[in-house]
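Novice: using only what follows, build the 3D model:
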Amino acid sequence: MSWGTLVHLHMGVDDRYLWTLPMFHANGWTFVWIVTAVGGTQHLPAEGRPGKAFELIRNEHVSWLSAAPTVLIALANAPAEARQRCRAESMS
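Specialist: Below is the predicted model:
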């Protein structure tokens, strides 16, 4: 499953993966092995708040994440300043 996913996603050593799901979650468990296989970087935040996710996306140049609908809703509903700051800095 991991190799099949990797063939379709084309991840590489420069990619950074943000964990927002437990590593055993059905939609995320293969990424433990995929990111390791390509030598990418895995970010495992100790806290699950949206502001922390945007901070990691911005500061660590996160390129991938997998999220359950509730996590995506929390990110979409995060304070505008957190989203805007991330967007503005990624464009510069």
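
Novice: may I see the buried residues of whichever strand or helix holds residue 70?
Specialist: Under DSSP states H and E, the secondary-structure element containing residue 70 is helix 69-76. For helix 69-76, the neighbour count (16 or more other CB atoms under 10 Å) marks 71, 74-75 as buried. Yep, even glycine has a C-beta here, placed from its N, CA and C like the rest.

Novice: so which elements touch it?
Specialist: Under the contact criterion of 3 or more CB pairs under 8 Å, 6 or more residues apart in numbering; DSSP states H and E, helix 69-76 touches helix 50-59.

Novice: give me the distance from the helix it packs on to the chain's centre.
Specialist: Relative to the chain's own centre, helix 50-59 is displaced by 9 Å; criterion: CA atoms, centre = their mean, to the nearest Å.

Novice: next secondary structure element downstream of that helix?
Specialist: strand 64-66.

Novice: quick check: neighbours of that next one in the sheet, parallel or antiparallel?
Specialist: Using DSSP bridges, strand 64-66 pairs in its sheet with strand 16-19 (parallel).

Novice: remind me what the helix or strand just after the partner strand packs against, helices and strands.
Specialist: Going down the chain from strand 16-19, the next helix or strand is helix 29-38, by DSSP H and E. In this structure, helix 29-38 packs against helix 2-9, strand 16-19, strand 41-43, strand 64-66, with contacts taken as 3+ CB pairs under 8 Å, 6+ apart.

Novice: pLDDT below threshold where in the chain?
Specialist: Within the chain, the stretches with pLDDT under 70 are 25-28, 85-92.

Novice: what sits up against stretch 2-9?
Specialist: Where contact means CB atoms under 8 Å, 6 or more residues apart in numbering, the residues beyond stretch 2-9 that reach it are 30-31, 33-34, 37-38, 64.

Novice: check which residues of it are buried.
Specialist: Buried-residue list, stretch 2-9, by 16+ other CB under 10 Å: residue 6.

Novice: convert it to PDB, retaining C-alpha atoms only.
Specialist: What follows is stretch 2-9, C-alpha atoms only, in PDB (Å, rounded to 0.1, in the frame of the first residue of the first chain):
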ATOM      1  CA  SER A   2       2.800   2.400   0.900                       C
ATOM      2  CA  TRP A   3       4.700   1.900  -2.300                       C
ATOM      3  CA  GLY A   4       1.600   2.200  -4.400                       C
ATOM      4  CA  THR A   5       0.700   5.500  -2.800                       C
ATOM      5  CA  LEU A   6       4.200   6.700  -3.200                       C
ATOM      6  CA  VAL A   7       4.100   6.000  -7.000                       C
ATOM      7  CA  HIS A   8       1.000   8.200  -7.300                       C
ATOM      8  CA  LEU A   9       2.100  11.000  -5.000                       C
END
